[in-house]
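Colleague: what follows is a predicted structure for the sequence shown.
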Amino acid sequence: MEISKDHPRYRSLVTRERMSELVGKGVVASTGLIAHGRGEAFDYLLGERTVPAADEAARAAAAHLLEARHPVITVNGNAAGLCADGLIALAREVPARLEVNLFHRTPERIERVCRYLEEAGATDLLGREQDAWLEGIASDRARCSAEGIGRADVVLIPLEDGDRAAALAAAGKTVLAIDINPLSRTAIAAKVAVVDELTRAVPNIERHVRELRDRPDERRRLIEEFSNERNLERMRGAMCETLHQKG
Ligand code: PTJ
């Protein structure tokens, strides 16, 4: 479909088209479009911008990534479709391993998402071999890579489902989430939830990683002082404010 650059929602329309094409290619799950629509709706409530509390969460997440011994960034179909380049750049900057880990899991889709990321420049990807299990999940979704999520101490999970976020936390991992829904079980289960749109949050975290690389004292202070509960409350407040302003 031809989309005019003058359209006020040009970026959103182009993204929708791309996500829809990626459903056709088996990268994005068909229900991924529903998840994307929900994400767009929450982004309206943020005024489609990064608010200060979200930026503070992004900085705390960056501090955790730099302090980690084995940091892993998980990638699903939506995250790959929306932000492959950004996630690859962030993984290089930390450095962290990238692991493809899907909700709607089939060997074909795992391969397609892996290939999509490799075409975007990812190397050393994990996820094709899923030789470990997360406790507390009864389905196939418990599977993960022993070398990746299995041994990770810190896991960044963009757009994850609540059960797996809770299982990762129960396994003793520090869970950093990117989820624009501050009410989601994932955001609540996380140690740090960055309540922001994925394509803004990822480069933002990368910038904080660069800034904090040589500041270990500041990193530890950020980690100590961050309260996910308080930050989520501020994020809900920011959304309410937008609703009042527009009302
Ligand atoms: O590729 P798969 O098979 O692993 O499936 C991926 C999806 C996203 C379909 C799957 O993990 C899923 O169903 O997720 P949920 O439970 O719908 O959760 C996705 C969360 O991400 C929701 O809370 C959305 O509000 C949020 N979200 C959606 N789009 C964005 C977002 N958060 C930040 N940025 C977005 N662009």
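Modeller: On my side now, so go ahead. Numbering: from 1, shown residues only.
Colleague: residue in this structure nearest to the ligand?
Modeller: residue 39 (2.2 Å; Cβ to the nearest ligand atom). All C-beta spots, glycine's among them, are computed from the backbone N, C-alpha and C.
Colleague: how much space between residue 101 and residue 115?
Modeller: 16 Å (Cβ to Cβ, to the nearest Å).
Colleague: ok, these two, which is more surrounded?
Modeller: residue 101 (27 against 16; other Cβ atoms under 10 Å).
Colleague: for the more buried one, what are its contacts?
Modeller: The contact partners of residue 101, by Cβ atoms under 8 Å, 6 or more residues apart in numbering, come to 74, 75, 76, 127, 144, 145, 149.
Colleague: may I ask which two of those are separated the most?
Modeller: 76 and 145 (14.1 Å; Cβ to Cβ).
Colleague: is the most centrally placed residue in the chain bridged to anything, and to what?
Modeller: Compute the mean C-alpha point of the chain, and by Cα atoms, centre = their mean the closest residue is residue 158, 1.5 Å away. On the basis of DSSP bridges, residue 158 takes part in beta bridges with residue 178.
Colleague: for residue 193, what are phi and psi?
Modeller: phi -110, psi 120 (degrees, to the nearest 10).
Colleague: can you list the residues that contact stretch 152-159?
Modeller: Residues contacting stretch 152-159 (Cβ under 8 Å, 6+ apart): 35, 39, 61, 64-65, 67-76, 78-79, 83, 87, 96-97, 149, 164-165, 168, 173-179, 186, 190, 198, 201-202, 205.
Colleague: same question, stretch 161-175
Modeller: So stretch 161-175 is contacted by 64, 68, 103, 134-137, 141-142, 149, 152-155, 157, 177, 184-186, 189-192 (Cβ under 8 Å, 6+ apart).
Colleague: selection in PyMOL covering whichever of those are buried, please.
Modeller: Remark: buried members of these, expressed as a PyMOL selection using 16 or more other Cβ atoms under 10 Å:
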select buried, resi 64+68+103+134+137+141+142+149+152+154+155+157+177+184+185+186+189+190+191+192
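Colleague: all the strands of this structure, in order from the start?
Modeller: 71-75, 97-100, 132-133, 143-144, 154-158, 174-178, 192-194 (DSSP state E).
Colleague: tell me the most buried of these?
Modeller: Neighbour counts (mean count of other Cβ atoms under 10 Å) averaged over each of those peak at strand 192-194, with a mean of 30.
Colleague: how about that one, does it reach the ligand?
Modeller: No - Strand 192-194 does not reach the ligand (Cβ under 6 Å from any ligand atom); its nearest approach is 8.5 Å.
Colleague: what does the protein put close to the ligand?
Modeller: 29, 31-32, 35-36, 38-39, 42, 76-78, 82, 102-104, 159, 161, 178-181, 184, 197-198.
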